[in-house]
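Asker: next comes the sequence, and after it the predicted model I'd like to discuss.
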Amino acid sequence: MREKTEPHRKATQQAQLACFALVALLASSCFFIVNPTPSIAISDRFLQPSSTHWLGTDHYGRDSLVMILRGGFWSLAIAFSAVALAMLCAIPLGLLAAHTTKIFLQRALLNAADLLFAFPAILTALLITALHKPGLLAVLVAITLLNIPVFLRLTFAAAQSLYQAPFINAARALGASNRRILSHHILPNIMTPLMLHASTQVALAILVESALAYLGLSLPPPNASWGVIIREAQNFIEFSKIPIIATASLIFATVVACSTIARAYSIHKKENRLETNWKFVENP
Amino acid sequence: MPESSYSLYRLSLFRLALLGFLPTALFLWLFSILLFALFIWLPGDITATIFATEGDEQTISSIRIALELEKPFPQRYLAWLYAFLQGNWGKSELYGLPVKTLIAQRLPISLTLSLTSFLLASVLGTMLGVWMTKPSAVSKALAIFVQLFIALPSFLVAIALILIFAVHWQLLPTGGVSSEQSWASQVPYLLLPTLALALPQIAILARFSEAAMQEILVAPFITTARAKGLSSNRILLRQALPVAAAPILALSGLQCAFLISGTVIIESVFSLPGLGSLFLNAALARDLQLVLALAMIFATLTLLANAIAEMLAKILDPRRMVREVPPL
């Protein structure tokens, strides 16, 4: 292993810090979500920050910090589960597109992915709202549909370039079945880039979820995610700007943390040449 | 699968248009079937609205036959599609007006909003991206600005703009404009929404085009251009930018699609009477006729914008203007 370069070390440190911050956020929000919702106390509305209420109180007299961390749980939970669901659907489809010899099936899958990618998430959420009701289902389906084409394309590209690799030929010569090649040779090798791209997609999902929640298409209060908190705090902006500013900076920090992890990986890859571009490797 | 055995031919413009629009049209058609099926199978049809609780079964079934609700699905779908394509979009329950009139009233604001911010975003975004490739203090400051707007949702940018320009400095109105006003008097109302819609897209495009330019700036022909003694501006704008233009254009087509749907958010923050806020109100009030028409319009607009940008990108980049023919 050669010495790490300066930007590489810096990016790694930033990524470690980002991971730590994300885990801390998740842990503290989980801590508050298992406890009951803070009770409404109208007499304590819009208190200034103090030692008991670190960020003051909101328009119902509830502790702002607790409400924001509880909102963080919903934002993160929806974002993570939507991306995970999308990966579950998209990776098999992407592998199918890369593996199949039927050119029509491949084209159909990739074209459908491209079209779905241009299909706005907000439209899906609005449709489910009109047909069913606003809530968890609407945001989850909308964000999952947004992510499926991304992961399908990514899986396809990674798997297809991997199919040119000599070790796949070697495995085939040893008599490995298609299923064994897919599960033992292709899938483990494409998982790392997929997982790291997932962190970028989680960042995007948090942004989309907050926008949908702001429009009132996500979970209704008191299980409010960050978008709803901002929408409610906006009505009382003359009294207190703290909830909006705190929530906005948490959204910003989370998104930056997620993209820092992805960026550290891309620098790492560039310097270590983790993935050889198999297209340039001569077939033996 | 080995790609090298494919034969490559140059794509004719006709085939390019066919490849671009055919999947889009197919997707929209399937989408309309799905949409209509969902609306049909929803519990509680129009007879439930007409007779809230009373009405014996015979009257209801005779009404169902008169309204052609008993016919099989394909027949009903085709009848609806025929009416829809002829511009017969039904009547909104929420507003008590024909859907077509409502949409015609509100289309200009949304169209102005999304087109202006698209132009703003694509020109400024590309220019900033090109500028950021030059190492300087300004480009470092720009990178921070870009990061800020990438990581903030557009409704927060809108709220911040309202707080700064409308509440603190009181320069511009926050919202409330009617479609009856003349075009010129609408401009101050549309300035902030356009900016709020465009800023995140400018940031995304700037970062993307910077990355695309950086990739090209290491190519040998740039070294040649440097050796010839061309100025750095000329190299950036005349040598590198045309090569980077195709992926940038493809992304900005996608952004145009997002800008069209982004009007839903921005119009509801600034309470503008456009298509986006109409869609949100219709969905929350479950005004199905209106939702059906608006969903078709939004889907058509976004997918068309994307398809056109993809085709332009292919025309700009000869490498993508190829037809792959699988080996015999």
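Answerer: On my side now, so go ahead. Please read these numbers as outputs of a predicted model, since none were measured by experiment. Numbering: from 1, shown residues only, chains lettered A, B, ... in the order given.

Asker: C-alpha from now on. contacts and neighbour counts both.
Answerer: Noted.

Asker: off-centre distance for stretch A:226-238?
Answerer: 24 Å (CA atoms, centre = their mean, to the nearest Å).

Asker: just the CA coordinates of that stretch, formatted as PDB?
Answerer: Provided in PDB are the C-alpha atoms of stretch A:226-238 (Å, rounded to 0.1, in the frame of the first residue of the first chain):
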ATOM      1  CA  TRP A 226     -38.200  18.300   8.800                       C
ATOM      2  CA  GLY A 227     -40.300  19.700   6.000                       C
ATOM      3  CA  VAL A 228     -43.400  19.900   8.200                       C
ATOM      4  CA  ILE A 229     -41.400  21.500  11.000                       C
ATOM      5  CA  ILE A 230     -40.300  24.300   8.700                       C
ATOM      6  CA  ARG A 231     -43.800  24.700   7.200                       C
ATOM      7  CA  GLU A 232     -45.300  25.100  10.700                       C
ATOM      8  CA  ALA A 233     -42.500  27.300  12.000                       C
ATOM      9  CA  GLN A 234     -42.900  29.600   9.000                       C
ATOM     10  CA  ASN A 235     -46.300  30.700  10.200                       C
ATOM     11  CA  PHE A 236     -44.800  31.900  13.500                       C
ATOM     12  CA  ILE A 237     -41.600  33.400  12.000                       C
ATOM     13  CA  GLU A 238     -42.200  36.800  13.700                       C
END
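
Asker: who touches it?
Answerer: A:58-59, A:68, A:71-72, A:74-75, A:209-214, A:216, A:220-221, A:240-241, A:243-244, A:247-248, A:251 (CA atoms under 8 Å, 6 or more residues apart in numbering or on different chains).

Asker: state whether B:G229 is indeed within a strand.
Answerer: No - assessed with DSSP: H, G, I helix; E, B strand; the rest coil, B:G229 is coil; it does not lie in a strand.

Asker: any idea how far it is from B:T223?
Answerer: Per CA to CA, to the nearest Å, B:G229 is found 10 Å from B:T223.

Asker: could you pull out the helices in the chain for me?
Answerer: Just going to use chain A. A:6-34, A:64-99, A:103-118, A:121-131, A:136-162, A:166-173, A:178-180, A:187-214, A:226-234, A:242-272 (DSSP state H).

Asker: my question was about chain B, not that one.
Answerer: Going by DSSP H, chain B shows helices at B:13-41, B:46-50, B:57-66, B:73-85, B:99-132, B:137-150, B:154-161, B:183-217, B:220-227, B:232-234, B:241-269, B:275-285, B:288-316.

Asker: right, so of these, which gets closest to A:W54?
Answerer: helix B:154-161 (23.0 Å; CA to CA).

Asker: relative to helix A:226-234, how tilted is that closest one?
Answerer: 20 degrees (axes from the mean of the first three to the mean of the last three CA atoms, to 10 degrees).

Asker: which elements pack onto helix B:154-161?
Answerer: Applying 3 or more CA pairs under 8 Å, 6 or more residues apart in numbering or on different chains; DSSP states H and E, one finds that helix B:154-161 contacts helix A:187-214, helix B:183-217, helix B:241-269.

Asker: look at B:G229 and B:T223 and report which has more neighbours.
Answerer: Taking other CA atoms under 10 Å in any protein chain shown, B:G229 and B:T223 do not tie; B:T223 has more neighbours (13 against 10).

Asker: what about the closest residue to B:P108 other than its chain neighbours, how many neighbours?
Answerer: Nearest in space to B:P108, with sequence neighbours left out and distances taken as CA to CA, 6 or more residues apart in numbering or on different chains, is B:G274 at 7.6 Å. Using other CA under 10 Å, B:G274 has 28 neighbouring residues.

Asker: give me phi/psi at B:G274?
Answerer: Backbone torsions of B:G274, given as degrees, to the nearest 10, read phi -120, psi -170.

Asker: pLDDT value on A:P221, please?
Answerer: Here, the pLDDT recorded for A:P221 equals 73.

Asker: quick one: contacts for the residue in the stretch 51-200 of chain A that chain B sits nearest to?
Answerer: The nearest approach of the stretch 51-200 of chain A to chain B comes at A:A130, 4.3 Å away (CA to the nearest CA). A:A130 makes contacts with B:A282, B:A283, B:L284, B:A285, B:R286, B:D287, B:L288, B:V291, as judged by CA under 8 Å, 6+ apart.

Asker: let's go with 6 Å and repeat that
Answerer: Shown in contact with A:A130 (CA atoms under 6 Å, 6 or more residues apart in numbering or on different chains): B:A283, B:R286.

Asker: same question, the one 10 residues further on
Answerer: A:L140 is in contact with A:A82, counting by CA under 6 Å, 6+ apart.

Asker: from A:I128, how far out is it?
Answerer: 10 Å.

Asker: what is the neighbour count of B:N233?
Answerer: 12.

Asker: also B:Q170?
Answerer: 12.

Asker: that one and B:L81, how far apart?
Answerer: From B:Q170 to B:L81 the distance is 49 Å (CA to CA).

Asker: what's the local residue count around B:L303?
Answerer: B:L303, neighbours per other CA under 10 Å, totals 27.

Asker: re the thing from before, correct me, but the residue nearest to B:P108 touches B:R106?
Answerer: Yes - with contact defined as CA atoms under 6 Å, B:G274 counts as touching B:R106 (4.6 Å).

Asker: in a markdown table: the helices of chain A, plus mean pLDDT and distance to B:F149.
Answerer: Listed next are these as a markdown table, based on pLDDT from 0 to 100; distance: least, CA to CA, whole Å:
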| stretch | mean pLDDT | distance to B:F149 |
| --- | --- | --- |
| helix A:6-34 | 79 | 19 |
| helix A:64-99 | 91 | 19 |
| helix A:103-118 | 88 | 21 |
| helix A:121-131 | 89 | 20 |
| helix A:136-162 | 92 | 21 |
| helix A:166-173 | 89 | 43 |
| helix A:178-180 | 89 | 44 |
| helix A:187-214 | 90 | 11 |
| helix A:226-234 | 88 | 17 |
| helix A:242-272 | 84 | 9 |
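
Asker: okay if I get these as TSV plus distance to A:F46?
Answerer: Output for these, formatted as TSV (distance: least, CA to CA, whole Å):
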stretch	distance to A:F46
helix A:6-34	21
helix A:64-99	9
helix A:103-118	43
helix A:121-131	33
helix A:136-162	29
helix A:166-173	64
helix A:178-180	61
helix A:187-214	21
helix A:226-234	11
helix A:242-272	10
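
Asker: B:I297 is nearest to which of the ones you listed?
Answerer: Nearest to B:I297, of all the helices of chain A, is helix A:121-131, at 10.7 Å by CA to CA.

Asker: that closest one: how far from the chain's middle?
Answerer: 20 Å.

Asker: quick one: it to helix B:13-41, angle?
Answerer: Using the same axes, to 10 degrees, helix A:121-131 lies at 30 degrees relative to helix B:13-41.

Asker: list the buried residues of helix A:121-131.
Answerer: A:A121, A:I122, A:L123, A:T124, A:A125, A:L126, A:L127, A:I128, A:T129, A:A130, A:L131 (16 or more other CA atoms under 10 Å in any protein chain shown).

Asker: what do you get for stretch B:275-291?
Answerer: B:275-284, B:286-291.

Asker: could you export that stretch as PDB, CA atoms only?
Answerer: The C-alpha trace of stretch B:275-291 is given here as PDB (Å, rounded to 0.1, in the frame of the first residue of the first chain):
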ATOM      1  CA  LEU B 275     -50.600  25.100 -12.600                       C
ATOM      2  CA  GLY B 276     -48.400  23.800  -9.800                       C
ATOM      3  CA  SER B 277     -50.500  25.200  -7.000                       C
ATOM      4  CA  LEU B 278     -53.600  24.200  -8.900                       C
ATOM      5  CA  PHE B 279     -52.300  20.600  -9.000                       C
ATOM      6  CA  LEU B 280     -51.500  20.600  -5.200                       C
ATOM      7  CA  ASN B 281     -54.900  22.000  -4.300                       C
ATOM      8  CA  ALA B 282     -56.600  19.500  -6.600                       C
ATOM      9  CA  ALA B 283     -54.700  16.500  -5.200                       C
ATOM     10  CA  LEU B 284     -55.300  17.500  -1.500                       C
ATOM     11  CA  ALA B 285     -59.000  18.100  -2.300                       C
ATOM     12  CA  ARG B 286     -59.200  14.900  -4.300                       C
ATOM     13  CA  ASP B 287     -60.700  16.600  -7.400                       C
ATOM     14  CA  LEU B 288     -60.100  13.700  -9.700                       C
ATOM     15  CA  GLN B 289     -61.000  15.100 -13.100                       C
ATOM     16  CA  LEU B 290     -58.600  18.000 -12.500                       C
ATOM     17  CA  VAL B 291     -55.900  15.700 -11.100                       C
END
